[in-house]
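Colleague: Generate a structure from the sequence data that follows.
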Amino acid sequence: MSFRDTEDLLAQRGITVSYEAIRQWCRTFGAAYARILRRRQGRLGDTWHLDELFVNIQGRQQYLWRAVDQDGDVIDILVQPRRDRRAAERFFRKLLKGQSREPRLLITDKLRSYSAAHGIVMPSVMHSTQQYENHRAEVSHQPTRQRERQMRRFKSTAHAQRFLSVHGLVRNLFRVGRHLLRAVHHRVLRARSFLVWNEVTSVC
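Modeller: Numbers count the residues shown, from 1 in each chain. The predicted structure is shown next:
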(Lines give C-alpha, C1' and ligand atoms only; values in the text may rest on other atoms or scores of the structure.)
Protein backbone atom coordinates (compact mmCIF):
# COMPACT_ATOMS: atom_id res chain seq x y z
CA MET A 1 0.00 0.00 0.00
CA SER A 2 1.05 3.58 -0.54
CA PHE A 3 1.34 6.11 2.28
CA ARG A 4 -1.86 7.74 1.02
CA ASP A 5 -3.67 4.39 1.15
CA THR A 6 -2.57 4.02 4.77
CA GLU A 7 -3.72 7.57 5.49
CA ASP A 8 -7.20 6.68 4.14
CA LEU A 9 -7.38 3.44 6.18
CA LEU A 10 -6.53 5.31 9.36
CA ALA A 11 -9.03 8.05 8.52
CA GLN A 12 -11.75 5.39 8.19
CA ARG A 13 -10.91 4.37 11.76
CA GLY A 14 -11.16 7.95 12.99
CA ILE A 15 -7.40 8.62 13.09
CA THR A 16 -6.41 11.82 11.28
CA VAL A 17 -2.80 11.83 10.14
CA SER A 18 -1.05 12.95 6.96
CA TYR A 19 0.73 10.59 4.59
CA GLU A 20 3.90 12.60 5.19
CA ALA A 21 3.75 11.76 8.90
CA ILE A 22 3.36 8.07 7.99
CA ARG A 23 6.44 8.32 5.77
CA GLN A 24 8.41 9.79 8.66
CA TRP A 25 7.20 7.01 10.98
CA CYS A 26 8.42 4.38 8.51
CA ARG A 27 11.79 6.09 8.24
CA THR A 28 12.14 6.48 12.01
CA PHE A 29 10.95 3.08 13.19
CA GLY A 30 11.44 0.80 10.17
CA ALA A 31 15.15 0.16 10.70
CA ALA A 32 14.62 -0.58 14.41
CA TYR A 33 11.86 -3.09 13.61
CA ALA A 34 14.11 -4.71 11.02
CA ARG A 35 16.97 -5.14 13.52
CA ILE A 36 14.71 -6.88 16.02
CA LEU A 37 13.14 -9.13 13.36
CA ARG A 38 16.61 -10.06 12.07
CA ARG A 39 17.70 -11.11 15.56
CA ARG A 40 14.53 -13.11 16.11
CA GLN A 41 14.66 -15.02 12.83
CA GLY A 42 18.27 -16.13 13.41
CA ARG A 43 19.92 -18.24 10.75
CA LEU A 44 17.94 -19.11 7.65
CA GLY A 45 18.33 -22.05 5.24
CA ASP A 46 21.61 -23.55 4.07
CA THR A 47 20.89 -23.24 0.34
CA TRP A 48 21.34 -19.69 -0.93
CA HIS A 49 19.78 -18.52 -4.19
CA LEU A 50 21.37 -15.28 -5.45
CA ASP A 51 20.27 -12.98 -8.22
CA GLU A 52 20.63 -9.34 -9.20
CA LEU A 53 17.99 -6.97 -10.54
CA PHE A 54 18.59 -3.60 -12.19
CA VAL A 55 16.70 -0.60 -10.84
CA ASN A 56 16.70 2.88 -12.30
CA ILE A 57 17.40 5.49 -9.60
CA GLN A 58 17.70 9.17 -10.51
CA GLY A 59 18.42 8.25 -14.13
CA ARG A 60 21.24 5.85 -13.25
CA GLN A 61 21.15 2.08 -13.43
CA GLN A 62 21.81 0.40 -10.09
CA TYR A 63 21.78 -3.28 -9.19
CA LEU A 64 19.79 -4.82 -6.39
CA TRP A 65 21.54 -7.98 -5.20
CA ARG A 66 19.22 -10.36 -3.37
CA ALA A 67 19.71 -13.70 -1.62
CA VAL A 68 16.89 -16.04 -0.59
CA ASP A 69 17.03 -19.47 1.00
CA GLN A 70 15.39 -22.70 -0.15
CA ASP A 71 12.12 -21.68 1.53
CA GLY A 72 11.99 -18.33 -0.28
CA ASP A 73 12.82 -16.25 2.81
CA VAL A 74 14.90 -13.17 2.05
CA ILE A 75 18.37 -13.49 3.60
CA ASP A 76 19.68 -10.04 2.66
CA ILE A 77 19.79 -7.43 -0.08
CA LEU A 78 22.38 -4.90 -1.22
CA VAL A 79 22.03 -2.04 -3.72
CA GLN A 80 25.25 -1.37 -5.66
CA PRO A 81 26.19 0.57 -8.81
CA ARG A 82 27.95 -2.39 -10.47
CA ARG A 83 27.69 -6.15 -10.83
CA ASP A 84 31.36 -7.00 -11.23
CA ARG A 85 33.54 -9.31 -9.11
CA ARG A 86 34.09 -6.73 -6.38
CA ALA A 87 30.37 -6.12 -6.05
CA ALA A 88 29.73 -9.87 -5.80
CA GLU A 89 32.48 -10.21 -3.18
CA ARG A 90 30.98 -7.38 -1.14
CA PHE A 91 27.58 -9.06 -1.21
CA PHE A 92 29.01 -12.48 -0.29
CA ARG A 93 30.80 -11.01 2.73
CA LYS A 94 27.63 -9.22 3.83
CA LEU A 95 25.72 -12.51 3.69
CA LEU A 96 28.40 -14.38 5.63
CA LYS A 97 28.50 -11.69 8.30
CA GLY A 98 24.72 -11.75 8.69
CA GLN A 99 24.38 -15.55 8.81
CA SER A 100 27.67 -16.29 10.64
CA ARG A 101 28.22 -19.40 8.52
CA GLU A 102 28.74 -20.58 4.98
CA PRO A 103 25.87 -22.19 3.05
CA ARG A 104 25.82 -25.82 2.00
CA LEU A 105 24.97 -24.86 -1.60
CA LEU A 106 25.16 -21.62 -3.57
CA ILE A 107 22.85 -21.26 -6.60
CA THR A 108 23.28 -18.40 -9.08
CA ASP A 109 22.88 -17.65 -12.75
CA LYS A 110 25.85 -17.79 -15.11
CA LEU A 111 27.10 -14.26 -14.39
CA ARG A 112 30.90 -14.59 -14.20
CA SER A 113 31.11 -12.24 -11.24
CA TYR A 114 29.55 -14.92 -9.04
CA SER A 115 32.07 -17.57 -10.00
CA ALA A 116 35.01 -15.20 -9.52
CA ALA A 117 33.81 -14.04 -6.10
CA HIS A 118 32.91 -17.59 -5.07
CA GLY A 119 36.48 -18.73 -5.68
CA ILE A 120 37.80 -15.96 -3.41
CA VAL A 121 35.27 -15.69 -0.58
CA MET A 122 33.94 -19.25 -0.10
CA PRO A 123 35.69 -21.69 -2.44
CA SER A 124 34.72 -24.77 -0.38
CA VAL A 125 30.98 -24.21 -0.95
CA MET A 126 29.29 -26.06 -3.81
CA HIS A 127 28.23 -23.66 -6.56
CA SER A 128 25.52 -24.48 -9.10
CA THR A 129 24.61 -22.44 -12.20
CA GLN A 130 22.20 -24.87 -13.86
CA GLN A 131 19.46 -23.35 -15.98
CA TYR A 132 16.09 -22.82 -14.23
CA GLU A 133 17.54 -23.83 -10.86
CA ASN A 134 17.62 -20.21 -9.69
CA HIS A 135 13.94 -19.57 -10.37
CA ARG A 136 13.26 -19.01 -6.65
CA ALA A 137 15.54 -15.94 -6.52
CA GLU A 138 14.13 -14.53 -9.77
CA VAL A 139 10.55 -14.84 -8.49
CA SER A 140 11.52 -13.05 -5.26
CA HIS A 141 12.12 -9.87 -7.30
CA GLN A 142 8.42 -9.53 -8.21
CA PRO A 143 7.35 -7.71 -5.01
CA THR A 144 10.20 -5.24 -5.55
CA ARG A 145 8.95 -4.38 -9.01
CA GLN A 146 5.44 -3.90 -7.62
CA ARG A 147 6.70 -1.55 -4.88
CA GLU A 148 8.86 0.32 -7.38
CA ARG A 149 5.83 1.04 -9.58
CA GLN A 150 3.64 2.08 -6.64
CA MET A 151 6.33 4.41 -5.31
CA ARG A 152 7.09 5.81 -8.78
CA ARG A 153 10.66 4.56 -8.51
CA PHE A 154 13.07 4.86 -5.63
CA LYS A 155 14.38 8.33 -4.84
CA SER A 156 17.97 7.30 -4.04
CA THR A 157 20.11 4.22 -3.46
CA ALA A 158 19.89 4.82 0.30
CA HIS A 159 16.09 4.99 0.04
CA ALA A 160 15.98 1.73 -1.92
CA GLN A 161 18.38 -0.03 0.48
CA ARG A 162 16.50 1.17 3.56
CA PHE A 163 13.01 0.37 2.28
CA LEU A 164 13.77 -3.02 0.72
CA SER A 165 15.79 -4.26 3.70
CA VAL A 166 12.88 -3.58 6.04
CA HIS A 167 10.28 -4.86 3.58
CA GLY A 168 12.14 -8.14 3.08
CA LEU A 169 12.24 -8.92 6.81
CA VAL A 170 8.60 -8.00 7.36
CA ARG A 171 7.60 -10.10 4.36
CA ASN A 172 9.50 -13.08 5.80
CA LEU A 173 7.39 -12.80 8.95
CA PHE A 174 4.02 -12.76 7.20
CA ARG A 175 4.81 -15.06 4.25
CA VAL A 176 3.52 -18.35 5.64
CA GLY A 177 2.92 -20.33 2.43
CA ARG A 178 -0.86 -19.98 2.38
CA HIS A 179 -1.27 -22.03 -0.80
CA LEU A 180 0.34 -25.03 0.92
CA LEU A 181 -1.77 -24.97 4.11
CA ARG A 182 -5.26 -25.78 5.21
CA ALA A 183 -7.24 -22.69 6.21
CA VAL A 184 -7.16 -23.54 9.91
CA HIS A 185 -3.36 -23.93 9.89
CA HIS A 186 -2.93 -20.71 7.95
CA ARG A 187 -4.96 -18.83 10.55
CA VAL A 188 -2.80 -20.22 13.37
CA LEU A 189 0.43 -19.15 11.64
CA ARG A 190 -1.05 -15.76 10.77
CA ALA A 191 -2.02 -15.22 14.41
CA ARG A 192 1.51 -16.13 15.47
CA SER A 193 2.95 -13.62 12.99
CA PHE A 194 0.71 -10.88 14.36
CA LEU A 195 1.81 -11.77 17.89
CA VAL A 196 5.47 -11.47 16.96
CA TRP A 197 4.81 -8.19 15.15
CA ASN A 198 3.02 -6.77 18.21
CA GLU A 199 5.97 -7.75 20.40
CA VAL A 200 8.47 -6.15 18.03
CA THR A 201 6.56 -2.87 17.63
CA SER A 202 5.93 -2.54 21.36
CA VAL A 203 9.69 -2.56 22.07
CA CYS A 204 10.51 0.50 19.92
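
Colleague: Just say helix, strand or coil for the nearest residue to Val17 once chain neighbours are set aside.
Modeller: For Val17, ignoring the flanking residues on the chain, the nearest one in space by CB to CB, 6 or more residues apart in numbering is Leu10 at 5.7 Å. The way it works is simple: take the backbone N, C-alpha and C, and place the C-beta from them, glycine included. Secondary structure state of Leu10, per DSSP: H, G, I helix; E, B strand; the rest coil, is helix.

Colleague: quick one: contacts for Leu10?
Modeller: The contact partners of Leu10, taken as CB atoms under 8 Å, 6 or more residues apart in numbering, are 16-17, 22.

Colleague: Filter these down to the buried ones and express that as a PyMOL selection.
Modeller: In PyMOL, this line selects whichever of the contacts of Leu10 come out buried by 16 or more other CB atoms under 10 Å:
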select buried, resi 22
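
Colleague: Helices - which of the contacts of Leu10 land there?
Modeller: Within the contacts of Leu10, residues falling in helices by DSSP state H are Ile22.

Colleague: Give me the neighbour count for Ile107.
Modeller: As a burial measure, Ile107 scores 24 neighbours (other CB atoms under 10 Å).

Colleague: Report pLDDT for it.
Modeller: pLDDT, Ile107: 94.

Colleague: For Leu164, grab the count of nearby residues.
Modeller: Counted with other CB under 10 Å, Leu164 comes out at 23.

Colleague: Now it. Nearest residue, chain neighbours left out?
Modeller: Spatial nearest neighbour of Leu164, excluding adjacent residues (CB to CB, 6+ apart): Ile77 at 5.3 Å.

Colleague: So which elements touch the one helix or strand the one you found maps to?
Modeller: Take DSSP states H and E as the rule and Ile77 turns out to sit in strand 74-80. Contacts defined by 3 or more CB pairs under 8 Å, 6 or more residues apart in numbering; DSSP states H and E place strand 74-80 against strand 60-68, helix 85-99, helix 157-174.

Colleague: ranking these by burial, who's on top?
Modeller: Comparing the helices and strands packed on strand 74-80 by mean neighbour count (mean count of other CB atoms under 10 Å), strand 60-68 ranks first with a mean of 20.

Colleague: Okay, angle between that strand and helix 157-174 too, please.
Modeller: 20 degrees (axes from the mean of the first three to the mean of the last three CA atoms, to 10 degrees).

Colleague: Relative to strand 60-68, what are the paired strands and their orientations?
Modeller: Neighbouring strands of strand 60-68 in its sheet, by DSSP bridges, are strand 47-57 (antiparallel), strand 74-80 (antiparallel).

Colleague: mind putting those strands in TSV, mean pLDDT included?
Modeller: Shown next, in TSV, are the strands paired with strand 60-68 (pLDDT from 0 to 100):
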stretch	mean pLDDT
strand 47-57	90
strand 74-80	91
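
Colleague: Which one of these lies nearest to Tyr114?
Modeller: Judged by CB to CB, the one of those that comes nearest to Tyr114 is strand 47-57, at 6.7 Å.

Colleague: Mind listing what's buried along the closest one?
Modeller: Those would be 47-53, 55, 57, for strand 47-57 by 16+ other CB under 10 Å.
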